[in-house]
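Student: sequence-free structure coming up:
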């Protein structure tokens, strides 16, 4: 089975120096009320604009904002709904310049990128660019904004309106989160009834129906997992908004019995010697850039010995899900196809 994952290694570099509060004030003064040299959005700017996010905070502007700066995954979702997002932060490009999985169909070569890795955010460039709205996710705690470095959070959030959507509250599902992104996109000018959005929603609904049917017709066992050099992670399906949704649809996930409570019970740490602890017909393998992919796992004997590996029953798992109908449809359909075609191995 084909497996698609980003060909890159996640790095951790220090925050790109901003220049402090005085430097930021000077940068804003230099750019006035909007730097015309910044990337321009094609969104129609009509006002007034108002949106209540999941913090919950209501943002208001005199007109619909076009100078949007978004976390890459959120930008990809908005772009798929038809909203131009000219600037991003977060994993956007691989080392070879190709888009990461989180970037979806974004035209990455045309974007302003204020940080491409965790902990990296060029505050001075962001200030000079003149943002109107900063958009990102949060997990559980609204005060912890995704990919916003804590040490420069105050400087960053003080420069523009901040809109944050919940990517995980312990109970919400991918389906519900996509709906919230659709509401945000519509507020920013997206036409949810356009031909493209209608087609994307139809594809999504078809994929959801296909996954529901596949899970009922072929109730194979699926292990959500992630691979690192020293550890094989068996993931807890209750802690992922996508897996909560897929469980509702009938997918039979393995539930690890020795979860690591110290890190939030997201997974069980398994040594490679014990990678076969949980028999599974399908491996739902983390496809993010920081996780090892099948071509890098062939040197692990216990990986090669897993029945699902020997049968080629591996499907890429977007462990950070996509939050638009068009993008999500692809991964949901891939899982549906994998379950439909899987042999019962355990």
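Tutor: Nice, thanks for sending it over. Everything quoted here is computed from the prediction, not taken from an experiment.
Student: quick one, strands of this structure?
Tutor: Taking DSSP state E as the test, the strands found in the chain are 49-52, 58-61, 68-71, 87-89, 112-113, 133-139, 161-168, 221-227, 232-235, 252-253, 267-270, 282-286, 314-317.
Student: For the first one, buried residues please.
Tutor: The reference is to strand 49-52. 49, 51 (16 or more other C-beta atoms under 10 Å). Placement of C-beta: from N, CA and C, glycine included.
Student: Does anything pack onto it? Which helices or strands?
Tutor: Contact partners of strand 49-52 among helices and strands, from 3 or more C-beta pairs under 8 Å, 6 or more residues apart in numbering; DSSP states H and E: strand 58-61, helix 174-187.
Student: how distant is the last one from the center of its chain?
Tutor: Averaging C-alpha positions (C-alpha atoms, centre = their mean, to the nearest Å) puts helix 174-187 14 Å from its chain's average.
Student: residues of it that come out buried?
Tutor: Neighbour-count burial for helix 174-187 [16+ other C-beta under 10 Å]: 174, 175, 177, 178, 180, 181, 182, 183, 184, 185, 186, 187.
Student: TSV please, covering those residues and showing pLDDT and distance to residue 329.
Tutor: Converted to TSV, the buried residues of helix 174-187 look like this (pLDDT from 0 to 100; distance: C-beta to C-beta, whole Å):
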residue	pLDDT	distance to residue 329
174	98	11
175	98	12
177	98	15
178	98	10
180	98	17
181	98	14
182	98	14
183	98	19
184	98	19
185	98	16
186	98	19
187	98	23
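Student: Please enumerate the helices of the stretch 201-346 of the chain.
Tutor: 241-248, 301-305, 307-311, 325-341 (DSSP state H, counting those that start in this stretch).
Student: Would you format the ones you listed as a markdown table with mean pLDDT, mean neighbour count and distance to residue 230 included?
Tutor: Shown next, in a markdown table, are these (pLDDT from 0 to 100; neighbours: other C-beta atoms under 10 Å; distance: least, C-beta to C-beta, whole Å):
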| stretch | mean pLDDT | mean neighbour count | distance to residue 230 |
| --- | --- | --- | --- |
| helix 241-248 | 98 | 21 | 24 |
| helix 301-305 | 97 | 13 | 13 |
| helix 307-311 | 98 | 17 | 19 |
| helix 325-341 | 98 | 22 | 27 |
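Student: Residue 167 against residue 141, yeah?
Tutor: No. With contact defined as C-beta atoms under 8 Å, residue 167 does not count as touching residue 141 (11.5 Å).
Student: Which residue of these two possesses the greater neighbour count?
Tutor: Neighbour totals were compared for residue 167 and residue 141, and residue 167 leads with 23 against 9 (other C-beta atoms under 10 Å).
Student: Could you measure from residue 301 over to residue 309?
Tutor: 11 Å (C-beta to C-beta, to the nearest Å).
Student: Apologies, that question was intended for residue 127.
Tutor: Counting by C-beta to C-beta, the separation of residue 127 from residue 309 is 49 Å.
Student: Next: residue 209.
Tutor: Separation of residue 209 from residue 309 (C-beta to C-beta) stands at 29 Å.
Student: Using TSV, please lay out the helices of the stretch 201-346 of the chain together with distance to residue 256.
Tutor: TSV is the format used below for these (distance: least, C-beta to C-beta, whole Å):
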stretch	distance to residue 256
helix 241-248	12
helix 301-305	17
helix 307-311	16
helix 325-341	19
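Student: Show me the one of those that comes nearest residue 117.
Tutor: Each of these has some distance to residue 117 by C-beta to C-beta; the shortest is helix 325-341, at 21.8 Å.
Student: ok and the closest one relative to helix 174-187, angle-wise?
Tutor: 160 degrees (axes from the mean of the first three to the mean of the last three C-alpha atoms, to 10 degrees).
Student: one step back: closest one to residue 101 among the strands of the chain?
Tutor: Taking C-beta to C-beta, strand 314-317 is the member of these nearest to residue 101, at 8.4 Å.
Student: What strands line up against the closest one, and which way round?
Tutor: Strand 314-317 pairs in its sheet with strand 282-286 (parallel), by DSSP bridges.
Student: what ranges do the helices span in the stretch 1-150 of the chain?
Tutor: 20-31, 72-81, 123-129.
Student: Now do the contacts for residue 262.
Tutor: For residue 262, the contact set (C-beta atoms under 8 Å, 6 or more residues apart in numbering) is empty.
Student: And it, how far from residue 268?
Tutor: Separation of residue 262 from residue 268 (C-beta to C-beta) stands at 12 Å.
Student: same question, residue 111
Tutor: Residue 111 is 38 Å from residue 268, by C-beta to C-beta.
Student: Understood, closing this out.
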